[in-house]
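In: next one to model:
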Amino acid sequence: MTQVSARCRAALDAAHHSTLNAWRWLDAEGALQAAAESDVRLARGAGRALEGQLFAIKANIAVAGWPHDGGMRTRRSFRASLDATVIGRLRDAGAVLLGLTQMDEGALGATGYSIDGPIHHPLREGWSVGGSSGGSAAALAAGHCDAALGTDTIGSIRIPASLCGISGLKPTPGLVSLEGVLPLDARFDHVGPMSRDPAALWPLLCCLRGLPITALPIRENSMRGRTLGVFEGLDSLECTPAVLEAYLKSITRLRESGAVLRSIDVRSFDLPRVRRAVFSLCERTLALEHATQRAADPKGYSPAMQSMLDYGARLTEADCLRFEQRIADFREAWDASTAGLEACITPTSPVTSVPHASPPPQNIADLTVIATAAGWPAASVPCEVAEGALPVGLQILAPAGQDARVCALGMRLAAGFSEA
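Out: Residues are numbered from 1 along each chain as shown. Purely as a prediction, here's the structure:
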């Protein structure tokens, strides 16, 4: 058995026997066939950009012939007839698709709890991986695959990346095609890559865009002289001590590396209200999208989802306009506060993983909502923590179109600010 085929068979075996509940569905036959074809191409020296890399796919992204339920019981009989655009691009780059990963129902949440039960943290059974791309994060962190696709609306890639100690990217809005992806709210939805290695985010993004992989700009490799925004007032978001400690250590190292830091008072933005505004608009959009299906199959939705859809259905046009204005006001304030900065560095989330038996943290997306509402690209990369401690993520945000900068700075942060 050749290398990719052997790796693929081992990955499928690990996924099949895993107790994490990370996987929704595995395509063993298709994956092994693709792996064998990759082995042939590699032996001929004809390997492509992602040749033989093993991928997990979030269950709201269409793969021809695979289930296409978006984590929703009411869609369990649905199958995709065509590949999503991003899936076609992965295939063209030589990726081997293993299967679908579990997710929060309809992508409307960040609990890491699927309709098949909780998705377990690879480091602590019974603890949350966050969501809604929690299955992809768990599969990656457990070593079942090389990379994964997730979707991010208010933080659904970045939050599980932070909680699981991996890396994930929410691109600039509109940069990566959403064709073939079940929508939550197209204004805020993004498809993005997830990887254990932050250096992989940029080449993965290039492939998802259908572009050749280019080198990151040399200028991005150094921290010296960079003008970066950092947050103060994080206690107002009830950041846990572990998150604050890891973040402050990173800020100290940034300063020592020669970065020019400007403090931004997070209290001036009222981020919980911004998060609530975006979430409410998503509830409204999903309620309209599922009105007919709910009437036909009310038992196909969990009580929690029913409650959110009921709320969304009750929102009036005036309510939605008020939420839209709140987001617009935030964007104006954010743009003014960050003028002249190359990027901002924040914790990814105010919290680390919590037991599934505990109430889910209401503030889990209070920092990831910034990039969503501002229209900026953002990545989460692992932060240095004490041995045995739960993972903490650092979020890198930059103005729209600066995805290369986000990826390059993420590499530097994760590498400890080395100048190599």
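In: contacts for stretch 408-419?
Out: 167, 169, 198-199, 201-202, 216-217, 220-224, 226, 250, 253-254, 256-257, 343, 345, 379, 381-384, 394, 396, 398 (C-beta atoms under 8 Å, 6 or more residues apart in numbering). For every residue, glycine as well, the C-beta is placed using N, CA and C.
In: and it, which residues are buried?
Out: 408-414, 417 (16 or more other C-beta atoms under 10 Å).
In: run a quick neighbour tally on the residue lying closest to Phe188 once chain neighbours are set aside.
Out: Using C-beta to C-beta, 6 or more residues apart in numbering and skipping residues adjacent in sequence, the residue nearest Phe188 is Thr153, 4.8 Å away. By other C-beta atoms under 10 Å, the residues close to Thr153 number 26.
In: pretty sure Thr153 contacts Asp189?
Out: Yes. Counting by C-beta atoms under 8 Å, Asp189 is a contact partner of Thr153 at 5.3 Å.
In: give me the phi and psi for Glu289.
Out: In terms of degrees, to the nearest 10, the main-chain angles of Glu289 are phi -60, psi -40.
In: list the contacts for it?
Out: Glu289 touches Pro183, counting by C-beta under 8 Å, 6+ apart.
In: before we move on, the earlier item: list the contacts for the residue nearest to Phe188?
Out: Shown in contact with Thr153 (C-beta under 8 Å, 6+ apart): 107, 132, 184-185, 188-190, 278, 282, 372.
In: for whichever strand or helix holds Ala161, name the packing helices and strands.
Out: Using DSSP states H and E, Ala161 falls within helix 158-164. With contacts taken as 3 or more C-beta pairs under 8 Å, 6 or more residues apart in numbering; DSSP states H and E, helix 158-164 sits against helix 134-141, strand 167-170, strand 378-382, strand 393-397.
In: show the average pLDDT along it.
Out: The pLDDT scores in helix 158-164 average 98.
In: so which bits of it are buried?
Out: Buried residues in helix 158-164, counted by 16+ other C-beta under 10 Å: 158-164.
In: can you give me the strands in the stretch 151-300 of the chain?
Out: 167-170, 190-195, 227-232, 260-265 (DSSP state E, counting those that start in this stretch).
In: what comes up buried for the third one?
Out: To tie it back to what came earlier, the one meant is strand 227-232. 228-231.
In: kindly report the same for the last one.
Out: Under the neighbour-count criterion of 16+ other C-beta under 10 Å, strand 260-265 has Ile264 buried.
In: sheet partners, orientation included, of that strand?
Out: Partners of strand 260-265 in the sheet, by DSSP bridges, are strand 227-232 (parallel).
In: now the partner strand against strand 393-397, angle please.
Out: Interaxial angle, strand 227-232 versus strand 393-397 (axes from the mean of the first three to the mean of the last three C-alpha atoms, to 10 degrees): 130 degrees.
In: residue nearest the middle of the chain, spatially speaking?
Out: For the chain, Ile157 is the residue whose C-alpha lies nearest the centre (C-alpha atoms, centre = their mean; 0.9 Å).
In: how near is Ile61 to Gly99?
Out: Counting by C-beta to C-beta, to the nearest Å, the gap from Ile61 to Gly99 is 12 Å.
In: pretty sure Glu384 is touching Glu245, no?
Out: No. Glu384 is beyond contact range of Glu245, at 10.5 Å (criterion: C-beta under 8 Å).
In: show me what contacts Ala107?
Out: If you count contacts by C-beta under 8 Å, 6+ apart, Ala107 has them with 60, 70-71, 132, 151, 153, 156, 182, 184.
In: how about the strands of the stretch 151-300 of the chain, which one is nearest Glu238?
Out: The minimum distance between Glu238 and the strands of the stretch 151-300 of the chain falls on strand 227-232, with 13.8 Å, by C-beta to C-beta.
In: now what about that closest one, what contacts it?
Out: 247, 251, 254, 259-266, 337-338, 340-347.
In: run the last query once more with 10 Å
Out: Here strand 227-232 makes contact (C-beta atoms under 10 Å, 6 or more residues apart in numbering) with 237, 239, 247-248, 250-251, 254-255, 259-267, 269, 337-338, 340-347, 367, 370, 395-398, 409.
In: ok, back up a step: shared neighbours of Glu384 and Glu245, anything?
Out: Joint contacts of Glu384 and Glu245 (C-beta under 10 Å, 6+ apart) are Val392.
In: still on that earlier bit, shared neighbours of Thr153 and Asp189, anything?
Out: The contact lists of Thr153 and Asp189 share 107, 170, 183, 282, 372, where a contact means C-beta under 10 Å, 6+ apart.
In: now for those: which two are most distant?
Out: The largest separation in the shared contacts of Thr153 and Asp189, counting by C-beta to C-beta, is between Lys170 and Pro183 at 15.7 Å.
In: neighbour count winner among the two?
Out: More crowded of Lys170 and Pro183, by other C-beta under 10 Å: Lys170, with 35 against 19.
In: top helix in this protein by residue count?
Out: When the chain is scanned for its longest helix (criterion: DSSP state H), the result is helix 317-338.
In: what average pLDDT does it get?
Out: In this model, helix 317-338 has an average pLDDT of 98.
In: what of stretch 389-396?
Out: In the prediction, stretch 389-396 has an average pLDDT of 97.
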